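Enquirer: This is a predicted model, with the sequence first.
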Amino acid sequence: MENRDIVRRVQLIGRSTYVVSLPKSWAKRVGLDRGTPVSILLEPDGSLRLVPPPLQGAKRPESKIVVDENLSEGTLIRELMSRYLVGFKVIRIDLPSDARKYREVIRRVVSRKMIGVELLEDGEHCMILQVLVNVEELPVNSVIQRMGQVTSGMIDDSMEGLFKRNVSLLMDVTERDDFIDKLYLYLLRQLNAGVRGFVGVEEIGLKSLEEIIEYAVVGKSIERSADHAQKISMNAKSLVEANVAISGLEDMLELIAKLAKEIFQNSIRCFIHKDRTKALTLLDEYPPKLVEAEQKFLERILEEPCDARRHMVIRLIADSLRRICDYSMDVLEATIDLSLEY
């Protein structure tokens, strides 16, 4: 196994030129010779990255997916999404003779889950997707902020739809979840581009590679919070359509929902502004409030006449609100880790 820890002494040539020799085995492997130009990239942490010509020309090449008749729709979606996340600019999909169902899946995924992807070719046996948007066009903080704003609105509207028995509002919440998925996948594409060196981390709005982990955690936490807002809307819709009343429990649900939204919004605000002190304070303040709200809710629901369906769905709604609080705590913890000064 080749040693990855190679030490070289800095040498001085002339009066002002510093030189470091390159490992011969590595130079041969990547095709370097006398006079070969290489790129030297300055990283935000002060380190240098040496990029030989073969790797310079290999950034985000075309990728191909070969679809046979036995390939499941789920596998096709995962293959397609993985190539988008890794950072390929062109995705070629070779299709079998009976490709109608696969075409529908590909169009649906492109429409609902991918930002900036266009169908360039739609032939009988081949589809070609081109990613037109560049990851550096929208800084990661802007993506996180937008995800937070949309998810906060979903939490609000899912509860309002339940209290006002507004089915159209509840359906709108469900549709907005696709937009959150799009932003989250775009965020992962950005972070992957930074890790793989397709772009410098400063081009996507970060200061160092170490920040990528925390942004991935926060992005996932917001995406999961949006999923639970969608679950609230679906459960609320089932209650409304079945004409099941929630009278007597509105105030307790409203209390938990208000707390969940408050925790969520404050966690996003702390993360965006890297407010470590506020994050530490909130992590001490909110858990007791949440325990108290849940206890009051349980006491109230036990006082109500037994209705298995009604109680089950309402408990699912309360559980989703609790999950949103938990994911918000994860965002606050990521804020602490990100803002820690070494």
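Expert: Looks like it arrived, so ask away. Note that the coordinates shown come from a computational prediction; the quantities given were computed from them, not determined experimentally.

Enquirer: Which residue is the nearest non-sequential neighbour of V217?
Expert: Spatial nearest neighbour of V217, excluding adjacent residues (C-beta to C-beta, 6 or more residues apart in numbering): A334 at 4.9 Å. Every residue, glycine included, has its C-beta placed from N, CA and C.

Enquirer: give the contact list for E294.
Expert: I256, A318, R322 (C-beta atoms under 8 Å, 6 or more residues apart in numbering).

Enquirer: isn't the last one right next to I256, touching?
Expert: Yes - with contact defined as C-beta atoms under 8 Å, R322 and I256 form a contacting pair (7.4 Å).

Enquirer: So which residues of the stretch 1-150 of the chain form strands?
Expert: Assigned by DSSP state E, counting those that start in this stretch, the stretch 1-150 of the chain shows strands spanning 11-13, 17-19, 39-42, 48-51, 62-66, 90-94, 117-122, 126-131.

Enquirer: residues of stretch 98-106 that come out buried?
Expert: By neighbour count on 16 or more other C-beta atoms under 10 Å, the buried set for stretch 98-106 is A99, Y102, V105, I106.

Enquirer: With neighbour numbers in mind, choose between R322 and I256.
Expert: Using other C-beta atoms under 10 Å as the criterion, R322 and I256 rank with I256 on top: 22 against 18.

Enquirer: What mean pLDDT does the helix or strand hosting that one get?
Expert: Secondary structure from DSSP states H and E places I256 in helix 250-273. The pLDDT scores in helix 250-273 average 94.

Enquirer: after that helix, next one along is what?
Expert: That would be, after helix 250-273 and using DSSP H and E, helix 276-303.

Enquirer: What about V218, how many residues nearby?
Expert: Counted with other C-beta under 10 Å, V218 comes out at 27.

Enquirer: Can we start the residue count at 2 from this point?
Expert: Okay, residue one is now 2; in that scheme the one you just asked about reads as V219.

Enquirer: Surely Y85 is in contact with R79?
Expert: No - with contact defined as C-beta under 8 Å, Y85 does not reach R79; the gap is 10.8 Å.
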